[in-house]
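**Student:** coordinates only, no sequence provided:
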């Protein structure tokens with residue numbers, strides 16, 4: 001699975017971090033602190049489909065002074081981009097070699113190693129690391145429901161996955177082609193991205209169902225992008241362009257209508273793109289049973 005440019009991932013990163021659902025994040029942190037202590041010393045984290053390392057940069061301030069991350073991706077170019085981005089982000093580089101490095105960022109020290117892996121063929125190497133937490137961002141909507149079910153059956157660690165696309169979009173002002181474009185885009189989202197027919201907007205529910213079947217405790221909440229032309233012009237332009245390209249590939253909307261929609265979207269005042277965050281834990285301390293029971297968290 002590949003096809004995501006470093007530019008796209010870089011432009012969306014600050015919006016991703018700002019959009020993450022605070023209630024779901026708090027459920028994840030409360031669970032980890034109950035299990036590992038309030039200082040969260042020396043946690044091990046595996047990030048699936050790491051891209052350029054956005055999850056690490058977003059979560060590092062919350063996960064204690066000593067952290068160990070394994071960044072997993074199939075695309076070697078993205079792993080290389082992640083390496084460069086994290087080295088640039090660091091305040092100090094302590095150790096640096098081809099496979100791993102150690103950096104300092106403000107008050108925390110992070111050991112990072114990279115793993116190029118085809119998760120479609122096997123995720124055993126990843127799961128056998130038995131990390132304290134597995135993370136992912138904008139990942140599960142790209143895999144198939146069958147893959148989600150098999151992954152959930154094999155999972156043994158807590159899972160925190162953010163920004164799973166849920167198929168809802170609202171552009172302002174409205175355009176006559178909005179519904180046709182959205183329907184075609186959702187259809188494209190469910191094409192094969194390297195894992196079989198992708199779950200697309202059904203991913204969050206499929207993942208929740210699969211984990212609850214295994215008696216995982218699941219907390220979920222909305223993490224919608226709220227974009228405005230004044231603050232997010234570049235992201236909105238890239239988003240509309242990507243949607244239009246996907247819609248054209250489906251052949252479900254006439255090219256002239258797609259062109260008109262794209263031209264209108266270049267002038268859009270704003271848009272809201274729907275996402276879902278999920279935290280799931282295999283075992284729950286009694287003191288957290290209520291806060292981590294299956295629920296729909298409010299957007300925050």
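**Tutor:** Happy to help now that I have it. What you see is a predicted model, and the numbers here were worked out from it, not measured in a lab.
**Student:** where are the low-confidence patches of the stretch 1-150 of the chain?
**Tutor:** 1-4 (pLDDT under 70).
**Student:** same thing but 50
**Tutor:** With pLDDT under 50 as the threshold, the stretch 1-150 of the chain has low-confidence stretches at 1-2.
**Student:** quick one: the strands in it, in order.
**Tutor:** Counting by DSSP state E, counting those that start in this stretch, the segments of the stretch 1-150 of the chain that form strands are 43-48, 66-73, 92-96, 100-105, 108-116, 133-137.
**Student:** where do the strands sit along the stretch 201-300 of the chain?
**Tutor:** 217-222, 225-228, 270-281, 295-297.
**Student:** indicate which one of those is closest to residue 248.
**Tutor:** Smallest distance to residue 248 across the strands of the stretch 201-300 of the chain (CB to CB): 19.3 Å, for strand 270-281. Bear in mind the C-beta positions are built from the backbone N, C-alpha and C, glycine included.
**Student:** hmm, back to that, would you turn the strands of the stretch 1-150 of the chain into JSON lines with mean neighbour count and distance to residue 27?
**Tutor:** Shown next, in JSON lines, are those (neighbours: other CB atoms under 10 Å; distance: least, CB to CB, whole Å):
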{"stretch": "strand 43-48", "mean neighbour count": "22", "distance to residue 27": "16"}
{"stretch": "strand 66-73", "mean neighbour count": "22", "distance to residue 27": "19"}
{"stretch": "strand 92-96", "mean neighbour count": "11", "distance to residue 27": "32"}
{"stretch": "strand 100-105", "mean neighbour count": "17", "distance to residue 27": "25"}
{"stretch": "strand 108-116", "mean neighbour count": "18", "distance to residue 27": "22"}
{"stretch": "strand 133-137", "mean neighbour count": "25", "distance to residue 27": "12"}
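**Student:** for the residue lying closest to residue 65 once chain neighbours are set aside, list each beta-bridge partner.
**Tutor:** Closest residue in space to residue 65, ignoring its immediate chain neighbours: residue 108 at 5.0 Å, by CB to CB, 6 or more residues apart in numbering. When bridges are taken as DSSP bridges, the partners of residue 108 come out as residue 105.
**Student:** CSV for the strands of the stretch 1-150 of the chain, including distance to residue 252?
**Tutor:** Output for the strands of the stretch 1-150 of the chain, formatted as CSV (distance: least, CB to CB, whole Å):
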stretch, distance to residue 252
strand 43-48, 31
strand 66-73, 31
strand 92-96, 48
strand 100-105, 46
strand 108-116, 35
strand 133-137, 28
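**Student:** wait, which of these is closest to residue 22?
**Tutor:** When the strands of the stretch 1-150 of the chain are compared for distance to residue 22 using CB to CB, the nearest one is strand 133-137, at 15.7 Å.
**Student:** between the closest one and strand 43-48, how big is the angle?
**Tutor:** Comparing the axes of strand 133-137 and strand 43-48 via axes from the mean of the first three to the mean of the last three CA atoms, to 10 degrees yields an angle of 30 degrees.
**Student:** just the residues contacting strand 133-137, thanks.
**Tutor:** Contacts made with strand 133-137 from outside it, assessed by CB atoms under 8 Å, 6 or more residues apart in numbering, are listed as 16, 28, 32, 43-49, 51, 54-55, 59, 63, 126, 155, 157-163.
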